[in-house]
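Visitor: pasted the sequence and its predicted model underneath.
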Amino acid sequence: MSILWESETWRWLVRRTRDSKPFFLAFATVCGVIPGIIGYGVMQLTNSRNEQLEAQLRQKARPETTIMGQVNRERLAEYLGELQRKENTNDRYVAALRGETLTRKPYQRIQPVPQSNAKTDEAKTERPNTSKEQK
């Protein structure tokens, strides 16, 4: 990096941008706008909206991928419906902080996430002594 700082070209560039506002604006434009234009052009060239290719990719999709897409669409529709009806959605965040998930059951909106088998096995082995063992 010191090669850059110590080079005469770098010092000239710093001096010019410090002393001349038009040069600074031109340099900032070259450093900011030009890469943006190049990036936009690359994205346009590589993003094909070929309907035949899109249909082929959808046809080859694995079943779990299509199911997850459907589930995500349903959840998004449910959430957007709640926002349109101006329902209080803070319980979603509270449930997430507690490690719970929301359900679609009308009378039980929040349901705890089931614990893994390893944790339940540990809980079974660490039970307190029964009344017979205490006597």
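Guide: Sure, I can see it.

Visitor: please count neighbours and contacts with C-alpha atoms only from this point.
Guide: Noted.

Visitor: so where's this protein uncertain?
Guide: Applying pLDDT under 70 to the chain picks out residues 102-114, 116-135.

Visitor: let's see that with 90 instead.
Guide: 1-6, 46-55, 57-58, 71-72, 74-135 (pLDDT under 90).

Visitor: where along it do the helices fall?
Guide: Using DSSP state H, the helices of the chain run over 2-6, 8-19, 21-46, 51-60, 63-84, 90-97, 117-125, 131-134.

Visitor: by contact count, what packs against the third one?
Guide: To tie it back to what came earlier, the one meant is helix 21-46. Packed against helix 21-46, as judged by 3 or more C-alpha pairs under 8 Å, 6 or more residues apart in numbering; DSSP states H and E, are the following elements: helix 8-19.

Visitor: returning to what we had before: as JSON lines, the helices of the chain with mean neighbour count would be great.
Guide: JSON lines is the format used below for those (neighbours: other C-alpha atoms under 10 Å):
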{"stretch": "helix 2-6", "mean neighbour count": "9"}
{"stretch": "helix 8-19", "mean neighbour count": "13"}
{"stretch": "helix 21-46", "mean neighbour count": "12"}
{"stretch": "helix 51-60", "mean neighbour count": "10"}
{"stretch": "helix 63-84", "mean neighbour count": "12"}
{"stretch": "helix 90-97", "mean neighbour count": "13"}
{"stretch": "helix 117-125", "mean neighbour count": "9"}
{"stretch": "helix 131-134", "mean neighbour count": "7"}
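
Visitor: domain ranges for this structure?
Guide: As recorded under automatic domain parsing, the domains making up the chain are 9-46, 63-113.

Visitor: which stretch among those domains comes nearest residue 3?
Guide: When those are compared by C-alpha to C-alpha, domain 9-46 sits nearest residue 3, at 9.5 Å.

Visitor: residue 4 and residue 18, how far apart?
Guide: 18 Å (C-alpha to C-alpha, to the nearest Å).

Visitor: got it, and residue 25?
Guide: Separation of residue 25 from residue 18 (C-alpha to C-alpha): 11 Å.
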